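Asker: Structure, please.
(one chain, ligands or ions: 1)
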Amino acid sequence: MEVIIQKDAAAAIDLTARLICHAVQDKKDSVLGLATGRTMENLYANIVQRYDQGEVSFSRCSTFNLDEYVGLAPDHNQSYRYYMNDLLFNKINIDLEETYLPNGVAADLAEACKEYEEKITDKGGIDIQLLGIGNTGHIGFNEPLSSLASRTREKALAPITLEQNGPLFDDPKEMPKRALTMGVGTILDAKKIILLATGKSKASILAKAVEGPITSMISASALQLHPNCVIICDEDAAEELEGKEYYYRIFENEPEWQVYH
Ligand code: GLP
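Answerer: Numbering: from 1, shown residues only. Modelled structure (predicted):
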């Protein structure tokens, strides 16, 4: 695991966007694992800007989102399908048919989850998985006690998550209590993982995920098991990391990161 601390959210987002766009230019048919949440809104705006400037093309990419609420139709303004179309897919040259999200309105949710896993496998697996971190320490919607070997499935949302995301709904009570999410095992199968965390509200949970013990109580801690995982954060989110000075030194001295300074 590597931890890259940038001075502010804009710099952390810019670095993440650059890494993703470079990867897509290197492998034009990249399979991207995508995330939602407030943190990603500016990231997608940055990627769209790079696309507009001709820096990157997504015409041969396919994408898989981490999760979707159960019971929200794709045209509901809080569904993750709506979010992705609105903030990214409708603004770049990706083939919409090649953008996948778990189907939260399927008649048979378990079957939809199984098909989602099969689709990821058919496409050759995820090249780069983008992640945020929720206040429970979740990645995707892998709430506390999610098995570290879990696959895509239906999950009940934790009270802290309902509190975190409820305000995004016109009426917080409208927020579904369940979601379909890639499992921790699904996420760990990605070839590369980038977790982006910004802001003081993430400082405590980020320190636990990165420097604490691996535990199903904090699904992001399972990223310590991944051989190619980068955490990109701003100084606010890095505030409680004990090894901060060490992480700065690695970033400065690792040849792989020279082009990103
Ligand atoms: C939701 C998503 C997570 C995301 C989290 C962070 O809960 N399911 O994948 O990491 O939001 O949200 P925010 O960026 O708004 O803090």
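Asker: Which residues of the stretch 51-200 of the chain lie near the ligand?
Answerer: Residues of the stretch 51-200 of the chain lying close to the ligand by CB under 6 Å from any ligand atom are Leu66, Asp67, Gly132, Ile133, Gly134, Gly140, Phe141, Thr161, Asn165. Every C-beta, even on glycine, is put in place using the N, C-alpha and C of the backbone.
Asker: Show me these that map onto helices.
Answerer: Here DSSP state H is the test, and these give Thr161, Asn165 as lying in helices.
Asker: can you pick the most crowded of the residues of the stretch 51-200 of the chain next to the ligand?
Answerer: The most crowded member of these, judged by other CB atoms under 10 Å, is Gly140 (30 neighbours).
Asker: before we move on, the earlier item: out of the residues of the stretch 51-200 of the chain next to the ligand, who's nearest the ligand?
Answerer: Closest approach to the ligand among those (CB to the nearest ligand atom): Gly132, at 2.7 Å.
Asker: my read: the closest one touches Ala35, true?
Answerer: Yes. The pair Gly132 / Ala35 is scored as a contact, 5.0 Å apart, by CB atoms under 8 Å.
Asker: any idea how far the closest residue to Lys27 other than its chain neighbours is from Cys233?
Answerer: Among residues not flanking Lys27 along the chain, Asp127 sits closest, at 6.3 Å (CB to CB, 6 or more residues apart in numbering). With distances taken as CB to CB, to the nearest Å, Asp127 is found 22 Å from Cys233.
Asker: which one of these two has more residues nearby?
Answerer: Legend: neighbour count by other CB under 10 Å for Asp127 and Cys233, higher for Cys233 (27 against 20).
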